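Engineer: What shape does this take:
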Amino acid sequence: MEVTTEVRETRQLLREARQKGCRIGCVPTMGALHAGHLSLVEECRKSVDFVLVTIFVNPTQFGPSEDLERYPRPLAQDLNACEHAQVDAVFTPEISTLYPEGFDTWVECGEISRILEGASRPGHFRGVTTIVAKLLNIVQPDVACFGQKDYQQQTIIRQMVRDLDIPTEIVVCPTLREADGLALSSRNAYLNEQQRASAVALFQALEQAEELLQAGNVSFQEVEEAMIERLKSFEGVDPEYAVIRNPDTLQEPSESLTSVVALIAARLGKTRLIDNRTIPITK
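Structural biologist: Numbering: from 1, shown residues only. This is a model prediction of the structure:
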């Protein structure tokens, strides 16, 4: 497994792989890898010959009061996990490599980047789309894999790739979960024992939303209210939003839709968790 830190050496490595006829796959991450990340590697491997993982804690997607400084960075452990997963190369640039002095060009999507997560975390998606655009430009992969857990993020990235004619196929992979339903996340490591027990609230609220929508004869607003109540019933869970949206636009859903997406964000102490579920509508 090759480990690179500079753009030029990364491009040279990928140029050599292409000369051998390899299709290139990319899995962008911020490190602190868990089984969910490794499932993206596994999915990517199905359609390419050469898998590159990027590990970069991107400062521009963190707000001033967020967890940039305490975000876990177990690089040696991550590299070991990548090697065991038979990753071909890992790109681990320094901040100064991707944001050199004088950097002042940004990629920003429209309304979809200003609602939900974008409203809660102003500037977050500008940081996400800028770094993903840079990584896709550096790597120029045939395929890039992202997780379903960050639903709004992958929706925005797919729009960016489409709007900017970036020739990379975006593959969205299912969320991996703990036995009790909690979505795997690097931020789960922040939870204390009581918070970890309460964190199952997000999964249970999504379960309730699906049950209500499948039963029919219930409004979207009633489902949202039920999700909020379920979240609040768990000790220490502070809901930020729990909404039903159009799965493509993330706008308010119409009654004609055949499916919707339920999206949740909640805080447990200083830790903020998100989750979602796409739900077919019973007519």
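Engineer: Which residue ranges make up each domain of the protein?
Structural biologist: Domain assignment for the chain, taken from the TED database, gives 2-173, 186-278.
Engineer: do you know which of the ones you listed lies nearest Ala179?
Structural biologist: Of all these, it is domain 186-278 that lies closest to Ala179, at 10.0 Å by Cβ to Cβ. No exception for glycine: its C-beta is placed from N, CA and C like everyone else's.
Engineer: Just the terminal-to-terminal distance for that closest one.
Structural biologist: Start to finish, the residues bounding domain 186-278 are 22 Å apart (Cα to Cα, to the nearest Å).
Engineer: do stretch 142-160 as well
Structural biologist: From its first residue to its last, stretch 142-160 covers 16 Å (Cα to Cα).
Engineer: and what of stretch 212-220?
Structural biologist: End-to-end for stretch 212-220, by Cα to Cα: 9 Å.
Engineer: got the buried residues for that stretch?
Structural biologist: Neighbour-count burial for stretch 212-220 flags 212-213, 220 (criterion: 16 or more other Cβ atoms under 10 Å).
Engineer: any chance you could map the helices in the stretch 1-150 of the chain?
Structural biologist: Taking DSSP state H, counting those that start in this stretch, the helices of the stretch 1-150 of the chain run over residues 7-19, 35-45, 75-84, 95-98, 117-120, 124-139.
Engineer: Export these to a markdown table and append columns for distance to Val260 and mean neighbour count.
Structural biologist: A markdown table is the format used below for the helices of the stretch 1-150 of the chain (distance: least, Cβ to Cβ, whole Å; neighbours: other Cβ atoms under 10 Å):
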| stretch | distance to Val260 | mean neighbour count |
| --- | --- | --- |
| helix 7-19 | 39 | 15 |
| helix 35-45 | 24 | 20 |
| helix 75-84 | 35 | 16 |
| helix 95-98 | 36 | 14 |
| helix 117-120 | 17 | 17 |
| helix 124-139 | 21 | 21 |
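Engineer: Relative to Leu182, which of those helices is closest?
Structural biologist: Once those are compared by Cβ to Cβ, helix 35-45 is nearest, at 11.3 Å.
Engineer: got a list of contacts for the closest one?
Structural biologist: For helix 35-45, the external contacting residues (Cβ atoms under 8 Å, 6 or more residues apart in numbering) are 25-27, 29, 51, 53, 81-82, 85-87, 143, 145-147, 149, 171, 173-176, 183-185.
Engineer: Could you do stretch 225-244 as well?
Structural biologist: So stretch 225-244 is contacted by 116, 120, 194-195, 198-202, 204-206, 208-209, 212-213, 220, 223-224, 253, 260-269, 272 (Cβ under 8 Å, 6+ apart).
Engineer: Turn the domains of the chain into JSON lines, including mean pLDDT.
Structural biologist: Formatted as JSON lines, those follow (pLDDT from 0 to 100):
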{"stretch": "domain 2-173", "mean pLDDT": "97"}
{"stretch": "domain 186-278", "mean pLDDT": "97"}
